[in-house]
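Novice: Fold the following, please.
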Amino acid sequence: MQPLLQLENQKPIPDAQQDLLRGSLSLRAAELVDFVLTSLAQSETVYTEGYVSEAVIRARYNPPSQYGDAGSVEALCTSLKMSNGSTTVEDFFEFMTDLRAEVESEAEFENLIRSSWGI
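Specialist: Residues are numbered from 1 along each chain as shown. Okay, the predicted model is just below:
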């Protein structure tokens, strides 16, 4: 299956300072996020033209309880800049990049993503 987000074709982030502060995903983390997006696309047919529906996200996202309200599906949907019941692939990827900056290690990020998205 073709990756949903081509990293080499990503548009530059307008605010270069924000990118420096936030950092970027390692290749392994980017592949993991792409795998999540690919699995979301396969779960229902609501993924079209670069958007992921809120319904699919709500159906698949199940974070570990250790994150409390901050990890809730409501917090995720709020953070994903939902518009008309969906978010863009780019916003999803940006959210995951911000999340990775908050997590201490690559291994912890991978465990969080795998457990939250059931992969």
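
Novice: quick one: pLDDT of residue 95?
Specialist: Looking at residue 95, its pLDDT stands at 88.

Novice: got it, and residue 111?
Specialist: 91.

Novice: quick thing: my sequence starts at 826, can you match it?
Specialist: Sure, I'll start numbering at 826, so the last one becomes residue 936.

Novice: burial of it, as a residue count?
Specialist: The tally of other residues near residue 936 (other C-beta atoms under 10 Å) stands at 13. All C-beta atoms are positioned from the backbone trio N, CA, C, and that covers glycine.

Novice: Counting by contacts, list what whichever strand or helix holds it packs against.
Specialist: Assigned by DSSP states H and E, residue 936 belongs to helix 931-942. Applying 3 or more C-beta pairs under 8 Å, 6 or more residues apart in numbering; DSSP states H and E, we find helix 931-942 packed against helix 852-868, helix 914-927.

Novice: The first one - what's its average pLDDT?
Specialist: Helix 852-868 shows an average pLDDT of 84 in the prediction.

Novice: and that helix, what does it pack onto?
Specialist: strand 876-878, helix 879-885, helix 914-927, helix 931-942.

Novice: for it, which positions count as buried?
Specialist: The neighbour-count check on helix 852-868 (16 or more other C-beta atoms under 10 Å) flags 854, 855, 857, 858, 859, 860, 861, 862, 863, 865, 866 as buried.

Novice: Tell me the one of those residues nearest residue 877?
Specialist: For the buried residues of helix 852-868, the minimum distance to residue 877 (C-beta to C-beta) is 5.5 Å, reached by residue 865.

Novice: residues contacting the spatially closest residue to residue 924 that is not a sequence neighbour?
Specialist: Closest residue to residue 924 apart from its sequence neighbours, by C-beta to C-beta, 6 or more residues apart in numbering: residue 934 at 7.4 Å. Counting by C-beta atoms under 8 Å, 6 or more residues apart in numbering, residue 934 touches 854, 857, 924, 925, 928.
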